[in-house]
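Participant: I'd like to go over a predicted model; first the sequence, then the structure.
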Amino acid sequence: MARLLANRLNAATTYLVDLKRQFAGSSDHLGMVGEVLETLIHQQEQDFLPGSERDPGRV
């Protein structure tokens, strides 16, 4: 399972890096691909609580 997820993450990351390179010089909305990716990479909840939000014991 871990290998499958790692392969999928690698494929998605490779694809996004390629998109970023392709549209880096664009002056339209596609030129924002790099900025959007950077925002997504650094976006993280302040308080991360592992587990399911449906778990009644999770506070």
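Facilitator: Yep, it's here.

Participant: can you pull out the helices in the protein?
Facilitator: With DSSP state H as the definition, the chain shows helices at residue ranges 2-22, 33-42.

Participant: go through those helices and name the closest to residue 50.
Facilitator: Between residue 50 and the helices of the chain, the tightest spacing by CB to CB is seen for helix 2-22, at 16.6 Å. Any C-beta I mention is one placed from the backbone N, CA and C, and that applies to glycine too.

Participant: the inter-axis angle of that closest one versus helix 33-42?
Facilitator: 150 degrees (axes from the mean of the first three to the mean of the last three CA atoms, to 10 degrees).

Participant: buried set for helix 2-22?
Facilitator: Taking 16 or more other CB atoms under 10 Å as the basis for neighbour counts, the residues of helix 2-22 that come out buried are residue 16.

Participant: that one packs against which elements?
Facilitator: In terms of contacts (3 or more CB pairs under 8 Å, 6 or more residues apart in numbering; DSSP states H and E), helix 2-22 is packed against helix 33-42.

Participant: go through the helices of the chain and find the least confident stretch.
Facilitator: Set side by side, the helices of the chain show their lowest mean pLDDT on helix 33-42, which sits at a mean of 81.
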